[in-house]
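Trainee: Sequence and predicted structure below; questions after.
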Amino acid sequence: MADIETDLVVQDLTPQIVVVRLNRPDRLNALTRETVMALNDTLDSIAARDEVRAVILTGTGRGFCSGQDVAAADARNRTAPSGLVERMFWQEQFAGMVARIRAMPQVVIAAVNGPCAGAGMALALAADMRLASRSAKFLNAAVRLGLTAGETGMSYMLPRLIGASRAFEILITGRPVLAEEALAIGLVVSLSDGDTLMNDAEALARQILANSPFATKHTKRIFWENLHAPSFGAALELENRTQILASMTDDYKEATAAFTDRRVPDFKGR
């Protein structure tokens, strides 16, 4: 897929790795309604591409994503305020971004290259892993704008990533979480210098690609499903069934042969 010079740039880094870049640097990549619709369409398109196994989500310039474009929202509120039905429709479109990321069969890596706020923070949380530059900052300031901090899945995702007590304190105060704290509390897996962040994200993606496609796809599915499994027994049932399915693949046979032969496995995705 060729680069598209719009508010959203999509680039095939390799046949198996796609970079999705929010591209409104003058607005810290704030999300307009049009950008949200474009991102949802893009995520749907990538999810349907069987050859793609990893997605890197990032932003152009010094910011990852500053959330909803507040200036655009203010202009609507002053001139043509949305009614209830229209507001709910767009709320669901914003929430649909994070739902799509979580549901994608591909592993999604957020390369947080600077500030991310509001729905931008939710995009980062929805990713399977987060790498951050040292200038990164995570912020949900909804409570300061007369809105709740429970938006676009954050009240669900954040406590599961860092624990309920710390998550509540962050959401209820609306304070920023800087990069060093994000690393300390497990919100991100590593910090990078600004000029190495994308290389580090690509290296992580390539680590994932070294494993079998079935194994990575279903590890993601099991992990997020079992995070809210009703019981330990239910989690084991899902694991057991999926493990037996994996053991029936050609890639499993190739993996055991490669282990015995002391060579790198050649996975075919079958």
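Mentor: Alright, I've got the coordinates.

Trainee: And the helices in the stretch 101-250 of the chain?
Mentor: Ranges of helices in the stretch 101-250 of the chain, per DSSP state H, counting those that start in this stretch, are 119-126, 154-162, 164-173, 179-184, 197-209, 213-226, 232-247, 250-261.

Trainee: okay if I get those helices as a markdown table plus mean neighbour count?
Mentor: Yep, even glycine has a C-beta here, placed from its N, CA and C like the rest. Listed next are these as a markdown table, based on neighbours: other Cβ atoms under 10 Å:
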| stretch | mean neighbour count |
| --- | --- |
| helix 119-126 | 27 |
| helix 154-162 | 18 |
| helix 164-173 | 15 |
| helix 179-184 | 16 |
| helix 197-209 | 18 |
| helix 213-226 | 16 |
| helix 232-247 | 12 |
| helix 250-261 | 14 |
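
Trainee: could you dump those helices to a markdown table with distance to V107 and mean pLDDT?
Mentor: Listed next are the helices of the stretch 101-250 of the chain as a markdown table, based on distance: least, Cβ to Cβ, whole Å; pLDDT from 0 to 100:
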| stretch | distance to V107 | mean pLDDT |
| --- | --- | --- |
| helix 119-126 | 12 | 95 |
| helix 154-162 | 16 | 94 |
| helix 164-173 | 23 | 95 |
| helix 179-184 | 20 | 98 |
| helix 197-209 | 5 | 96 |
| helix 213-226 | 6 | 93 |
| helix 232-247 | 16 | 92 |
| helix 250-261 | 16 | 87 |
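
Trainee: Distance to E92 for these - can I get that in JSON lines?
Mentor: Putting the helices of the stretch 101-250 of the chain into JSON lines (distance: least, Cβ to Cβ, whole Å) gives the following:
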{"stretch": "helix 119-126", "distance to E92": "13"}
{"stretch": "helix 154-162", "distance to E92": "15"}
{"stretch": "helix 164-173", "distance to E92": "21"}
{"stretch": "helix 179-184", "distance to E92": "28"}
{"stretch": "helix 197-209", "distance to E92": "29"}
{"stretch": "helix 213-226", "distance to E92": "20"}
{"stretch": "helix 232-247", "distance to E92": "28"}
{"stretch": "helix 250-261", "distance to E92": "38"}
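
Trainee: Work out which residue lies at the spatial centre of the chain.
Mentor: Nearest to the mean C-alpha position of the chain, by Cα atoms, centre = their mean, lies A127 at 2.1 Å.

Trainee: Spit out the contact partners of the nearest residue to that one once chain neighbours are set aside.
Mentor: Once flanking residues are discounted, A127 sits nearest to A110: 3.7 Å by Cβ to Cβ, 6 or more residues apart in numbering. By Cβ atoms under 8 Å, 6 or more residues apart in numbering, the contact list for A110 reads I56, L57, T58, F64, L123, A124, A127, M129, R130, L131.
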